[in-house]
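> Have a look at this fold, sequence not included:
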């Protein structure tokens, strides 16, 4: 069953056609990689799904509801969360508070003012911090973490909400090979309850954790399908041997 | 100076908080002042207390919600004008009424501005809000300057004293303690708000409002709530100010007055609440002292400007930045203190934290 269906999405920035009639379907509980040369429209597509950009034409259907014109916060409330390419954590808050902030989005303003959510999520946060190997940094300001740990914290912030669709924009950028491997190990268990769309330049990483891959080139879908299909695709080979 | 303070063992202690100590010392200072100074100085200190409420309203916006507003004087001035009109046209000078007028006029006028500037589909940029509030304050100042019914360029004078029942609150000791009472209540309210989980959301908005949007928070709503609350506080300050000074004029609602709110905050240290209050006492104190020295009578604004410039450029975290660290400034919101957790949740296993 399709969790997300993107129908003929186009997006133009000035004269640049960033996305051109893109069609993609994402099934429930699958990991989907988005690859392609620089400027192929991967991040634009991810941001259009998340609501950072609004599509010029086409529609985005998430859980059978049209979210094309929904704001980012509404999309997030519906279960669609984005991890930014450049780490977007709250540097002056502790690691614990970053996660607390991610969890209390559904509380009313009055509940927040009366601090009713203060004690609700302790166990959940500790559990996620343990899973993401951040437990020893629970009381550290997020801005004082290493780059790799900041990336994990941001992933933890979007994962802790148990989203149904997670959008990760280059989650391993700037990480060491060891950290990349651990990031993959952190993401795999998420398949039990959520789907993933990952934009990543590290093809080995994509190959290791994704079920399907879509290759974008110049704003168009060049090929989409299983890893084997992409690996043997002549069109993909041509793009990657001539232009990457 | 930093070296001096970090050499004090108690400040190096991880659990020691400097701000509560400053708050207690300052409260004691406020209580004893009228006993130590003459009536004239008591009136000057009362003005500082009222301006402290005004400064707190700015700190809530900029220091906590990241809204750079140059419009606080607008809410201050409108509330001042309305209370002056009530006093002059209707003879209404009861304290409860002045309080309600100040709060509600401040709220309504800030709500109107928030409606235009903050409640769009997307969160507006910092510069848009800064210029929007700046021009609104300027336009309001020009409007009242040319409006005869509200006194034009001369402003409005209030000839009756503020009343609590039949008791007249003349500027002096009684008005001083009234202003102290209001400042303490406002301060505690602000403190409660910024330390609550709502305050955590504000801290998030201030640092990365994009992240907050993508986590599911409707950032504009949170900003508008803080803006309107701070507008109400500025309105309260304006109403009290008009009655204390017996006058409200175009200068109280223009750009210069708004800029003072910004300076109080930057000088004392924004995002701390107590910082802007200290900023008021320092700036108004220096202003009063310098303007009293014959040789400096013509030059004190230049001297004051240099002092402010030095602090703002070399210590952006303000005077409090010398004695508090970032962790205390930004604070903690969640519970990771086992003792306090035990009080609320017995089921939790604490092994994991050790």
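Arrived safely. On a predicted model such as this, the values are computed, not experimentally measured, just so you know.

> Local confidence estimate at the residue in chain A sticking out farthest from the centre?
In chain A, residue A:114 marks the outermost C-alpha relative to the chain mean, sitting 32.5 Å out by CA atoms, centre = their mean. Note for residue A:114: predicted pLDDT of 90.

> In terms of secondary structure, what does the host helix or strand of residue A:125 contact?
If you go by DSSP states H and E, residue A:125 is part of helix A:122-131. Where contact means 3 or more CB pairs under 8 Å, 6 or more residues apart in numbering or on different chains; DSSP states H and E, helix A:122-131 is packed against helix A:95-103, helix A:147-159. Quick note: C-beta positions are derived from backbone N, CA and C, even for glycine.

> Deepest-packed of these, please.
Of all those, helix A:95-103 carries the top mean neighbour count, a mean of 26, counting by mean count of other CB atoms under 10 Å in any protein chain shown.

> Tell me what angle that one forms with helix A:147-159.
Here helix A:95-103 runs at an angle of 30 degrees relative to helix A:147-159 (axes from the mean of the first three to the mean of the last three CA atoms, to 10 degrees).

> Mind giving me the packing neighbours of helix A:95-103?
Short answer (3+ CB pairs under 8 Å, 6+ apart): helix A:95-103 packs on helix A:122-131, helix A:147-159, helix B:197-215.

> what is the orientation angle of the shortest one with helix A:147-159?
Between the direction of helix A:122-131 and that of helix A:147-159, the angle (the same axes, to 10 degrees) works out to 140 degrees.

> Buried ones in helix A:122-131, by neighbour count?
A:122, A:125-126, A:128-129, A:131 (16 or more other CB atoms under 10 Å in any protein chain shown).

> Same question for the last one.
Of the residues in helix B:197-215, those with enough neighbours to count as buried (16+ other CB under 10 Å) are B:197-209, B:211-215.

> What about chain A: which of these touch it?
Among the buried residues of helix B:197-215, the residues that sit close to chain A (CB under 8 Å from any CB of the partner chain) are B:197-198, B:200-201, B:203-204, B:207-208, B:211-215.

> could you dump the residues you listed to JSON lines with pLDDT?
Shown next, in JSON lines, are these (pLDDT from 0 to 100):
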{"residue": "B:197", "pLDDT": "93"}
{"residue": "B:198", "pLDDT": "94"}
{"residue": "B:200", "pLDDT": "93"}
{"residue": "B:201", "pLDDT": "94"}
{"residue": "B:203", "pLDDT": "92"}
{"residue": "B:204", "pLDDT": "93"}
{"residue": "B:207", "pLDDT": "91"}
{"residue": "B:208", "pLDDT": "90"}
{"residue": "B:211", "pLDDT": "90"}
{"residue": "B:212", "pLDDT": "92"}
{"residue": "B:213", "pLDDT": "90"}
{"residue": "B:214", "pLDDT": "90"}
{"residue": "B:215", "pLDDT": "91"}
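
> okay, the residue positioned nearest the centre of chain B: pLDDT?
The geometric centre of chain B, computed from its C-alpha atoms, lies nearest to residue B:56 (CA atoms, centre = their mean), at 1.6 Å. Looking at residue B:56, its pLDDT stands at 97.

> Can you say which helix or strand has it in it?
helix B:39-58.

> try residue B:289
Assigned by DSSP H and E, residue B:289 falls within helix B:274-292.

> got the angle between the very next helix or strand once past that helix and helix B:274-292?
For helix B:274-292, the following helix or strand on the C-terminal side (DSSP H and E) is helix B:300-314. Interaxial angle of helix B:300-314 relative to helix B:274-292 (the same axes, to 10 degrees): 150 degrees.
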